[in-house]
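Novice: Turn this into a structure:
(one chain, ligands or ions: 1)
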Amino acid sequence: MKALVVFYSFNGNTRLIAEAVAKAVDADLLELKPIKEIAPKGFMKYFCGGRAVIMNLMPELYRYNVNIDYYDVLFIGTPVWAWSYAPPLNTFLSTSKIEDKKIALFCCHGGVKGAIFRKMKAMLGNNTFLGEADFKEPLKRNADNNVKKAVEWSKDIFKDNKL
Ligand SMILES: Cc1cc2nc3c(=O)[nH]c(=O)nc-3n(C[C@H](O)[C@H](O)[C@H](O)COP(=O)(O)O)c2cc1C
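Specialist: The predicted structure follows:
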């Protein structure tokens, strides 16, 4: 089974989890990088980032040299922005053909994840969902424990589904 971890991270939390998952299950990594970040640093990021989600913006991403078709299993991770996935995920989910994959979802948030997984699943129709996990500000709150949780979660997904 070939696995890929696809993620976006604005402040590094989701990257921490994505890298832990990739290492745990020997997956490749694809970091989505917008050519222009939608949110500035500082307090204004909440306003600009939140507005970008509500407006359903799809920021242009740097080109990546990864063929999604090649993979059987996708782990897809994002920070929660305005109770949803961040705009670079919107670009990825809206423009990629993702079908007949086994998919696990993860997110990082500040305490209110809303309906993010339901929204991601709605974008990912014809696939099989293997699991979901959320992490509260892992860089601020015991990174080691969160990395351990991510490793166990991803390994269990492989074991439970005999991948
Ligand atoms: C624009 C913006 C909107 C956010 N909205 C939410 C939210 O709705 N709920 C929540 O719990 N955290 C929210 N957060 C906090 C982030 O989800 C949280 O800090 C996460 O760990 C960041 O992940 P990252 O470091 O990978 O970017 C928001 C952060 C930003 C910048």
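Novice: drop to CA atoms for contacts and neighbour counts, all remaining ones
Specialist: Fine.
Novice: wait, is residue 103 part of a strand?
Specialist: Yes - counting by DSSP: H, G, I helix; E, B strand; the rest coil, residue 103 is part of a strand.
Novice: could you measure it against residue 110, distance?
Specialist: Here residue 103 is placed at a distance of 24 Å from residue 110 (CA to CA, to the nearest Å).
Novice: Where do the strands of this protein begin and end?
Specialist: With DSSP state E as the criterion, the chain has strands at 3-7, 28-31, 73-81, 84-85, 102-109, 128-136.
Novice: Please report how far residue 100 lies from the ligand.
Specialist: Distance of residue 100 to the ligand, computed by CA to the nearest ligand atom, to the nearest Å: 27 Å.
Novice: Adjust the sequence numbering to begin at 580 for everything that follows.
Specialist: Sure thing, new numbering starts at 580, so read that last one as residue 679.
Novice: Excluding chain neighbours, give the residue nearest to that residue in space.
Specialist: In space, and not counting its chain neighbours, residue 679 is closest to residue 706: 4.7 Å by CA to CA, 6 or more residues apart in numbering.
Novice: hang on, the earlier thing: comparing residue 682 and residue 689, which residue is more hemmed in?
Specialist: Set residue 682 next to residue 689 and count neighbours by other CA atoms under 10 Å: residue 682 wins out with 24 against 12.
Novice: Touching, the more buried one and residue 705? I think so.
Specialist: No - in this structure residue 682 lies outside contact range of residue 705 using CA atoms under 8 Å: 10.4 Å.
Novice: thinking again about what came up before, tabulate the strands of the chain (TSV), appending distance to residue 727.
Specialist: Listed next are the strands of the chain as TSV, based on distance: least, CA to CA, whole Å:
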stretch	distance to residue 727
strand 582-586	17
strand 607-610	18
strand 652-660	16
strand 663-664	23
strand 681-688	14
strand 707-715	11
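Novice: what's the average pLDDT for stretch 629-648?
Specialist: Taken as a whole, stretch 629-648 has a mean pLDDT of 96.
Novice: For the ligand, tell me whether it is touching it.
Specialist: Yes - using CA under 6 Å from any ligand atom, stretch 629-648 reaches the ligand at residue 629.
Novice: Other residues contacting that stretch?
Specialist: With contacts defined as CA atoms under 8 Å, 6 or more residues apart in numbering, stretch 629-648 is touched by 609, 611-617, 660-661, 663-667, 669-670, 677.
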